[in-house]
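K.L.:
Below are the sequence and a predicted model; questions follow.
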Amino acid sequence: MQTRELGRTGQQVSALGLGCMSMASDYAYGPSDEREAVATLHRALDLDVTFWDTADVYGFGANEALLRQVLVPNRARVFLATKFGFVADGAGGARVDVRPERIAAACDASLRRLGVDTIDLYYAHRIDPAVPVEEMVGAMAALVQAGKVRFLGVSEASAASLRRAAATHPVAALQSEYSLFTRDVEAEVLPTCRELGVSLVPFSPLGRGLLTDPGPQLAVQDLRRSMPRFGEEVGDANAPLVAGLHQLAHEKGISTAQLALAWLLAQDPHLVPIPGTKRRQYLEENAAAAAVALSPSDLQQLQNLLAARPVAGARYGEDALKLVNR
């Protein structure tokens, strides 16, 4: 596995990371299977996919606890990222809380669940307009000074918020959704990351599965049911685009997932996608994308296809959209 520098930190991470959100929960991408998830983490080590991403809200702590099984005996080999900022709302959901007074406690709780002394990259999961970015990042910086965190990041933040954060303390990474299906960051966020020397870490780089299966059968509890892009009519509208991507991938002798990940890797040398999976089969397929080289002609073909068949449907519903790009 190739490596890439994280921002301007000098820290090398695997060019493709591993999104671990679905490993310990049934609310996305099918039922969980702890044995297979643990086996997937071990296989990730075999493949040198060692940039692992989780959050305290995934499974409300269960995801971090699951990672501990493999993380603790292999701590020196893993670059660990986790996030804070969502808390249970008492109704089965979550709300944003990034108040400075709770950040240290959130970090300590994650450290206990993960079984480690230090988090390599600690993100604020969302920006809260009611909390000045400078105050939030100042509290996060105190964790760096205490030796509990090495590098700081923000997630789903606007370019303006990233600037404010970076002016308070160096920011290593900004995590946001970015894929052939979701390109919002190209307007302002990605150029600002380049200017400030911040790595962009794309989550859901396969369009939450739409790039490989335009009409997935979703379980009742699957969180994607709340996303407009997964409506039946929207799926039909996007099917020709997915078919075109399948055809281009077939012509190159690779999978559509590998085409999508290779396209992302070609966008910027400091961009580090974190495709999520809880199965070894998909991990192996995704990891192989790091070795795929797309020619200028390939990239132009993709651009032409996207221009001819724009993506239909918003990535989030109205309530969730209020929490991004702040």
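P.N.:
Sure, I can see it. Residues are numbered from 1 along each chain as shown.
K.L.:
For the chain, which segments count as strands?
P.N.:
Per DSSP state E, the chain carries strands over the ranges 3-5, 12-14, 18-19, 51-53, 79-84, 86-88, 94-96, 119-124, 149-155, 173-177, 199-203.
K.L.:
correct me, but residue 137 touches residue 168?
P.N.:
Yes - with contacts counted by C-beta atoms under 8 Å, residue 137 reaches residue 168, the gap being 4.2 Å. Every residue, glycine included, has its C-beta placed from N, CA and C.
K.L.:
Those two: which is more packed in?
P.N.:
Between residue 137 and residue 168, counted using other C-beta atoms under 10 Å, the more crowded position is residue 137 (25 against 18).
K.L.:
so who does the more buried one touch?
P.N.:
Applying C-beta atoms under 8 Å, 6 or more residues apart in numbering, we find residue 137 in contact with 124, 152, 154, 164, 165, 168, 169, 171.
K.L.:
Out of those residues, who's the most crowded?
P.N.:
residue 154 (31 neighbours).
K.L.:
Just flag the most distant two among the contacts of residue 137.
P.N.:
Maximum pairwise distance in the contacts of residue 137, criterion C-beta to C-beta, is 12.9 Å, between 152 and 164.
K.L.:
Please tell me how far residue 156 sits from residue 178.
P.N.:
Residue 156 sits 11 Å away from residue 178 when distances are taken as C-beta to C-beta, to the nearest Å.
K.L.:
just to revisit the earlier point, pipe the strands of the chain into JSON lines and attach mean pLDDT and distance to residue 297 per row.
P.N.:
Below are those laid out as JSON lines (pLDDT from 0 to 100; distance: least, C-beta to C-beta, whole Å):
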{"stretch": "strand 3-5", "mean pLDDT": "97", "distance to residue 297": "24"}
{"stretch": "strand 12-14", "mean pLDDT": "98", "distance to residue 297": "28"}
{"stretch": "strand 18-19", "mean pLDDT": "97", "distance to residue 297": "30"}
{"stretch": "strand 51-53", "mean pLDDT": "98", "distance to residue 297": "30"}
{"stretch": "strand 79-84", "mean pLDDT": "98", "distance to residue 297": "34"}
{"stretch": "strand 86-88", "mean pLDDT": "84", "distance to residue 297": "43"}
{"stretch": "strand 94-96", "mean pLDDT": "85", "distance to residue 297": "44"}
{"stretch": "strand 119-124", "mean pLDDT": "98", "distance to residue 297": "36"}
{"stretch": "strand 149-155", "mean pLDDT": "98", "distance to residue 297": "34"}
{"stretch": "strand 173-177", "mean pLDDT": "97", "distance to residue 297": "27"}
{"stretch": "strand 199-203", "mean pLDDT": "97", "distance to residue 297": "23"}
